[in-house]
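Chemist: pasting the sequence and the predicted coordinates here, then a few questions.
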Amino acid sequence: MMRSFTLPFIITTSLFLSACGGGVSMYRQNAAHTGVASSSAPTSQKYINQVWKWSAPDKVYASPVVGGDTVYIGCKDGFLYALNLENGDFKWKFKTGANVEASVAVSGDTVFVGSWDGNLYALDTETGAKKWQVRTEGKVYSSPTIKDGILYFGSEDKKLYAVDIDGHREKWNFPAGKGIYSSPAIYGKYVFVGTMDGYLHAIDKRSGTEIWKVPTNNVIYSSPATDGKKVYFGSYNKYVYAVDIKSSQVSWKKKTAGKVFASPAVYGDAIYIGSADTYVYAYDRKTGARHWEFKTNGPVYSSPVIASDTLYVGSTDGFLYALNLESEDDRTRVRWKFDTHGKIFSSPTIAGGKVIFSNKKGEVFAVE
């Protein structure tokens, strides 16, 4: 089904993308977690070129993030690595006390990363030197989000933190009841985050008080995404949800055949999300009607990123797929696919015309 993009959507998207400017980069491309990149990306198999490949010394589950001319990626060996975006050359590494599965956020000359050692670190982007850190009482799986100079992230210690990145001090923390693996999404006055007790919370970003919460009766790893009217996310109960922000009512929910670990991307009149049932789904934002589905040969834990009317997503079958969002025929859905020969759990990112992604073996690729 062909989908038209309305003027309000174009305006909203431009606001999302402008929020990424000013030297701020993060997981899911922006604070609203739409998964929409501001850079173009390769669309034709004929011209796909592997620009570089870099191998980490251990497994990689973290998703890469690009800040300026640097790719940042965490590793199971406890290090955060910084690589040159153009050629993949090693720049520096920073040792934490445990596994790094969270993705980073970058603001100006500082990169922020969480670790299973319970700390959120602020590092110099050029040297990797530690500037300061925030200590929590649990592992930090949650990838930080930055909005208006405030850093938001969750911890296994059952709290969501808001930290002033200029003053290096905690602004507030929200007691969520259970641990937080989800990365918070931010729009307007709201911070949205999922928790391990199965709730999607809407929290006032100024005060840290709860505005509402919606139960799913199962754990939420999925990081929510929002278009300003609804917030979208998946749950381990196999459902994908759309919740009306003002009313806090579930607008629609759709069941897949597998647990939903991935986070959605929001683009045009649809949201796009993968499931452990091996499929990537496109659902209508308003009604939840299924536009299309695409089958891979393995569970999809990777969260999609969109650029150039193309969806980029990894699968545990080892392939990074580029899917044509405008195709009316599933036979022409795949623009190209790239075999990494290793399961992909993390999500791709797009910058400088390149798609950067990794597999579980610790291999990081850049193609253009």
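Modeler: Thanks, I have the structure now. Numbering: from 1, shown residues only.

Chemist: where does pLDDT dip in the stretch 251-368 of the chain?
Modeler: Along the stretch 251-368 of the chain, segments meeting pLDDT under 70 are nowhere present.

Chemist: do that again at 90, thanks
Modeler: Scanning the stretch 251-368 of the chain for pLDDT under 90 picks out 308, 326-332.

Chemist: end to end on stretch 97-106, go ahead and measure it.
Modeler: Distance between the boundary residues of stretch 97-106 (C-alpha to C-alpha, to the nearest Å) amounts to 21 Å.

Chemist: pretty sure residue 245 is touching residue 224, no?
Modeler: No. With contact defined as C-beta atoms under 8 Å, residue 245 does not count as touching residue 224 (10.7 Å). Where you see a C-beta, it was placed from the backbone N, CA and C, and this is true even at glycine.

Chemist: need the overlap of contacts for the two.
Modeler: residue 231 (C-beta atoms under 8 Å, 6 or more residues apart in numbering).

Chemist: quick one: which of those two has more around it?
Modeler: Each of residue 245 and residue 224 has its neighbours counted (other C-beta atoms under 10 Å); residue 224 has more, 31 against 20.

Chemist: the strands in the stretch 1-150 of the chain, which residues?
Modeler: 24-26, 50-55, 65-67, 70-74, 79-84, 90-95, 105-107, 110-114, 119-124, 130-135, 145-147, 150-154 (DSSP state E, counting those that start in this stretch).

Chemist: include mean neighbour count and mean pLDDT when you put these into JSON lines, please.
Modeler: Conversion of those to JSON lines gives the following (neighbours: other C-beta atoms under 10 Å; pLDDT from 0 to 100):
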{"stretch": "strand 24-26", "mean neighbour count": "23", "mean pLDDT": "94"}
{"stretch": "strand 50-55", "mean neighbour count": "15", "mean pLDDT": "97"}
{"stretch": "strand 65-67", "mean neighbour count": "24", "mean pLDDT": "97"}
{"stretch": "strand 70-74", "mean neighbour count": "27", "mean pLDDT": "98"}
{"stretch": "strand 79-84", "mean neighbour count": "22", "mean pLDDT": "98"}
{"stretch": "strand 90-95", "mean neighbour count": "16", "mean pLDDT": "98"}
{"stretch": "strand 105-107", "mean neighbour count": "24", "mean pLDDT": "98"}
{"stretch": "strand 110-114", "mean neighbour count": "27", "mean pLDDT": "98"}
{"stretch": "strand 119-124", "mean neighbour count": "20", "mean pLDDT": "98"}
{"stretch": "strand 130-135", "mean neighbour count": "15", "mean pLDDT": "97"}
{"stretch": "strand 145-147", "mean neighbour count": "24", "mean pLDDT": "98"}
{"stretch": "strand 150-154", "mean neighbour count": "26", "mean pLDDT": "98"}
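
Chemist: looking at these, which is closest to residue 334?
Modeler: Ranking the strands of the stretch 1-150 of the chain by proximity to residue 334 (C-beta to C-beta) places strand 50-55 first, at 17.9 Å.

Chemist: that closest one - contacts with which helices or strands?
Modeler: Judged by 3 or more C-beta pairs under 8 Å, 6 or more residues apart in numbering; DSSP states H and E, the packing partners of strand 50-55 are strand 363-367.

Chemist: and the strand it packs on with strand 79-84, angle?
Modeler: 20 degrees (axes from the mean of the first three to the mean of the last three C-alpha atoms, to 10 degrees).

Chemist: could you say what helices and strands strand 363-367 packs with?
Modeler: Under the contact criterion of 3+ C-beta pairs under 8 Å, 6+ apart, strand 363-367 touches strand 50-55, strand 70-74, strand 354-358.

Chemist: next one: the last one to chain centre, how far?
Modeler: The one in question is strand 354-358. Centroid displacement of strand 354-358 relative to its chain, using C-alpha atoms, centre = their mean, to the nearest Å, is 13 Å.

Chemist: contacts for that strand, please.
Modeler: Contacts for strand 354-358 (C-beta under 8 Å, 6+ apart): 39, 41-42, 51, 56, 60, 62-64, 66, 71, 73, 85, 305, 312, 314, 320, 322, 340, 344, 346-350, 364-368.

Chemist: about what we covered before: would you reformat the helices and strands packed on strand 363-367 as JSON lines and include distance to residue 292?
Modeler: Converted to JSON lines, the helices and strands packed on strand 363-367 look like this (distance: least, C-beta to C-beta, whole Å):
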{"stretch": "strand 50-55", "distance to residue 292": "29"}
{"stretch": "strand 70-74", "distance to residue 292": "31"}
{"stretch": "strand 354-358", "distance to residue 292": "21"}
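
Chemist: in what helix or strand does residue 277 lie?
Modeler: Assigned by DSSP states H and E, residue 277 falls within no helix or strand.
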